[in-house]
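>>> give me a model of this one.
(one chain, ligands or ions: 1)
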Amino acid sequence: MRLSKYFLPLLKENPKEAEIASHRLMLRAAIIRQQAAGIYAWLPLGKRVLDKICTIIREEQDRAGAQEILMPTIQSADLWRESGRYEDYGKEMLRLADRQKREMLYGPTNEEMITDIFRSFVRSYKSLPLNLYQIQWKFRDEIRPRFGVMRSREFLMKDAYSFDSDEEGMRASYHRMFVSYLRIFARLGVPAIPMRADTGPIGGDLSHEFIILAETGESAVFCDKKYLSLPVPPANIDFADDKKLRHIVRQWTELYAATEEMHLETGAWAALPAGDRLAARGIEVGHIFSFGAKYSAPMGAVITGADGKNTPVLMGSYGIGPSRLVAAIIEASHDEQGIIWPRAIAPFSVGLITMKTGDKAGDALAESLYAELQQAGFDCLFDDSAERAGAKFAAMDLIGLPVQLIIGPRAAAQGEVEVKLRASGRREVLSAAAAVNFIKSFFA
Ligand code: P5A
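Numbering: from 1, shown residues only. You can find the predicted model right below:
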C-alpha cells in the first residue's frame, strides 16, 4: 500500500480526552475514531489489526473443535424473560422497541439466544459435545465508558458456547477452551495469565479470566513469576485427549494467580519466596465460564441421555474481546515514540521510507523493493510522500510496524538500505537482497 493513497489521518497533537497510552496512540495513529461516547469507528489501519486478531482466534477455536456461526445483534426481550435475566441485567442493557412496540434489546451477550438455537434442533446426547462460536458486536451501556475501546459501550466479542450431556463432558469442553485460549494469546504475541474469577451476571461456579500484564492495567494482579515461563501447548495438541488437556490446565492453574478481588495476602501468596512473587497490573482480555444448567433448565433445553432420561444440557460460555485486545496489546507494547506491534498482528509487516523523494536512485530502489516484498507476500506500507525525512520517521515509529526499511540517497547509490527493527531500535545497513532475506527470516 502506498501511503499517498492510504486513508491514514494521523493526529499531530495528543488528544485531550485520552487518559491512557493505548487510547492516545489509537487516536493519534488513526486506528479508531470516536463516534459517540464509548462507540468507535475502526479506520483502515485498525481494521487490519482487528481482522488479524480475529483470524488467529478463528484458527485456534476451529482447531479446538468449535464451529463458527453468526447470531443477530438485536434480540427479543421475551427470550431474556425466559432465563430471568431481562430484569436482572439492569441499566447496562440497551433496550429498544420496534414499530410494533415489541420489546427488543441490543445483545450484551448471547447465552439465551444460543440456548434457543440449541433447543430447537438438538434432542440427543449423541449430538454432543457441541461448541458454537461467533465474533459479533455487543453493547453494554457502561456508566463510565473509558479508555477508548478498552472499556467501550459497543465492542467486539468472540463468544463460544459449549453443550454437553454430563459433568465430565462439560469439564472437558472447558479444558479445550482453556487450552485454546493459551494458544490464542501466545500467538497474538502477548501471553495472558489465567486467574480464578468471579462469575458476575453470567453465573456458574467455575470461571477463569485471562489477564495481560500491563503497567496501566485496570486491576492489580498477584501471581507466581513461573507463569511467565510456562510452556504453551503446541499446535498439534490433540483436543480429543482430555487427560492431556486436564494436565495442561492443572499446570496453568496450580500456581498462585489472583486478581485484586480474589487475592489473599496470607496463605499460598505468603508462602511464595519473595523472588517468585509478581505483583503487577493487568487487563482482562478473556473470560470463560462453566454454568451447567443455569440457562438450559429454565429455557427447557433438554436432551435424552444414553439411559433414556431427559436432563437439561450442561453449558459453558467463553469470551474474548478482540477490540479490547487491540488496546490491551498496545498498553503492553509501546514506547515514547508510539506503538510496537507484535509481528503476528501488525497492520503491515514492513514500512518502507524514502528519505528524499525525487532522488532517482532512492526512488528506483524503493520501487523495486516494494514490488519484491509484495511478490514475496509481505504487506508493505510505502511512504512515498514528499514529507521531510524526520516526519516520516516519526509517523513510522508512531504506527509501530515491526520492520522499517529506510532508503537514503547515499546508501541507495550503493544499492543499500537501512533496516530498522521497531521493537529493539536495532539498525543495520544491508544490500537490497540481504534486506529482503532478512525480512523473510524475521517473519518465518
Ligand atoms: C462469555 C462469552 C461474557 O459475556 N458470555 C459470552 C460471557 N463474558 S464477559 O467477561 O462479560 O465478556 C467477555 C470479554 O469481552 C470483553 N469485554 C469488553 N471489551 C470492551 N469493552 C467492554 N465494555 C467489554 N466488556 C467485556 C472482555 O475481553 C471480556 O473478557
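
>>> how close does residue 209 sit to the ligand?
7 Å (Cβ to the nearest ligand atom, to the nearest Å). All C-beta spots, glycine's among them, are computed from the backbone N, C-alpha and C.

>>> which one is that residue nearest to, not counting chain neighbours?
residue 197 (4.1 Å; Cβ to Cβ, 6 or more residues apart in numbering).

>>> surely the one you found and residue 208 touch.
Yes - applying Cβ atoms under 8 Å as the test, residue 197 and residue 208 come out as touching, 5.8 Å apart.

>>> settle it for me: which of those two has more neighbours?
Between residue 197 and residue 208, counting by other Cβ atoms under 10 Å, residue 208 is the more crowded of the two (24 against 20).

>>> ok, now how distant is the more buried one from the ligand?
Applying Cβ to the nearest ligand atom to residue 208 and the ligand gives a distance of 10 Å.

>>> can you tell me the closest non-neighbouring residue to that residue?
Residue 208 sits nearest to residue 194 (Cβ to Cβ, 6+ apart), 4.4 Å away.

>>> for the ligand, what's its nearest residue on the stretch 1-150 of the chain.
Proximity of the stretch 1-150 of the chain to the ligand (Cβ to the nearest ligand atom) peaks at residue 109, 3.8 Å away.

>>> and the pLDDT for that residue?
Residue 109 carries a pLDDT score of 98 in this model.

>>> contact partners for the residue nearest to residue 209?
Applying Cβ atoms under 8 Å, 6 or more residues apart in numbering, we find residue 197 in contact with 207, 208, 209, 259, 262, 287.

>>> those: which two are farthest apart?
262 and 287 (13.3 Å; Cβ to Cβ).

>>> get me the contact residues on this structure for the ligand.
Taking Cβ under 6 Å from any ligand atom, the part of the chain that reaches the ligand is made up of 109, 140, 142, 151-152, 155, 157, 159, 202, 284-287, 289, 317-321, 323-324.

>>> go ahead and build a ChimeraX selection from the buried members of those.
Buried subset of these, written as a ChimeraX selection, criterion 16 or more other Cβ atoms under 10 Å:
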select :109,140,151,152,155,157,159,202,284,285,286,287,289,317,318,319,320,321,323,324
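
>>> ok, residue 109 to residue 89 distance?
Shown here: residue 109 relative to residue 89, a distance of 9 Å by Cβ to Cβ, to the nearest Å.

>>> please disregard the earlier target; I meant residue 261.
Residue 261 sits 21 Å away from residue 89, going by Cβ to Cβ.

>>> more crowded one of these two?
residue 89 (18 against 11).

>>> now do the phi/psi pair for that one.
phi -70, psi -20 (degrees, to the nearest 10).

>>> go ahead and confirm it touches residue 200.
No - between residue 89 and residue 200 there is no contact under Cβ under 8 Å: 11.0 Å.

>>> next one: the residue of the stretch 1-150 of the chain closest to the ligand from residue 134, what distance?
11 Å.

>>> what do those two both touch?
residue 159.

>>> residue 358 - nearest residue in space that isn't next to it in sequence?
residue 386 (7.6 Å).

>>> nope, residue 402 is what I was after
residue 343 (4.7 Å).

>>> wouldn't the one you found be in contact with residue 443 here?
Yes - using Cβ under 8 Å, residue 343 is in contact with residue 443, at 6.2 Å.

>>> so residue 290: helix, strand or coil?
Assigned with DSSP: H, G, I helix; E, B strand; the rest coil, residue 290 falls in the strand class.

>>> just residue 436 next, same as before
helix.

>>> from residue 372, how far off is it?
Taking Cβ to Cβ, one finds residue 436 at 6 Å from residue 372.
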